[in-house]
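[1] please find the sequence and the predicted model below.
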Amino acid sequence: MHDLSFTFSAKLWKWTGKGTWFFMTVPKEYADEIRFFAPDSKRGFGSVRVTASVGETVWKTSIFPSKSTGAYILPIKAEIRKNNALNDGSFAEVKIDIIV
């Protein structure tokens, strides 16, 4: 079986639309591999289920394809930002494991 784990450094950024959503972008170079190996890309909004970790915080969530960049984006909830002292523009080491 193919390793469906990706580790990278990413910058936290704030969504410019409605609401106060924060995301980190999964590097575009991983997008094709994620699309190919993701178990079911027909989930809502093309989402892919993952286990994510930043620092010591581990949680289950989904990543979403970004039409504008061709990459995937990872939502970062307030609790994760607080636990890891992340603010808009902060960088962090991120690990995602695709859930199959």
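    Nice, I can see it.

[2] what's across from the one residue sitting closest to the centre of the chain in the sheet?
    Most central in the chain under Cα atoms, centre = their mean is Leu74, positioned 2.3 Å from the mean C-alpha point. Counting by DSSP bridges, Leu74 is bridged to Met24.

[3] isn't it up against Lys60?
    No - the criterion here is Cβ atoms under 8 Å, and Leu74 misses it with Lys60 at 11.9 Å. (Glycine included, C-beta is placed from N, CA and C.)

[4] so for those two, which residues contact both of them?
    Common neighbours of Leu74 and Lys60 (criterion: Cβ atoms under 8 Å, 6 or more residues apart in numbering): 50, 52.

[5] list the contacts of the helix or strand of the chain with the lowest mean pLDDT.
    Scoring the helices and strands of the chain by mean pLDDT, DSSP states H and E places helix 31-37 at the bottom, with a mean of 88. With Cβ under 8 Å, 6+ apart as the test, helix 31-37 has contacts from 2, 4, 6, 26, 41, 48, 63, 65, 70-72, 98.

[6] how about 6 Å then?
    Helix 31-37 has contacts (Cβ atoms under 6 Å, 6 or more residues apart in numbering) with 2, 4, 70-72.

[7] are any of the residues you listed buried, and which?
    With burial judged by 16 or more other Cβ atoms under 10 Å, the buried subset of the contacts of helix 31-37 is 4, 71-72.

[8] hmm, which of these is lowest in pLDDT?
    pLDDT is lowest at Leu4 among the buried ones among the contacts of helix 31-37; the value there is 90.
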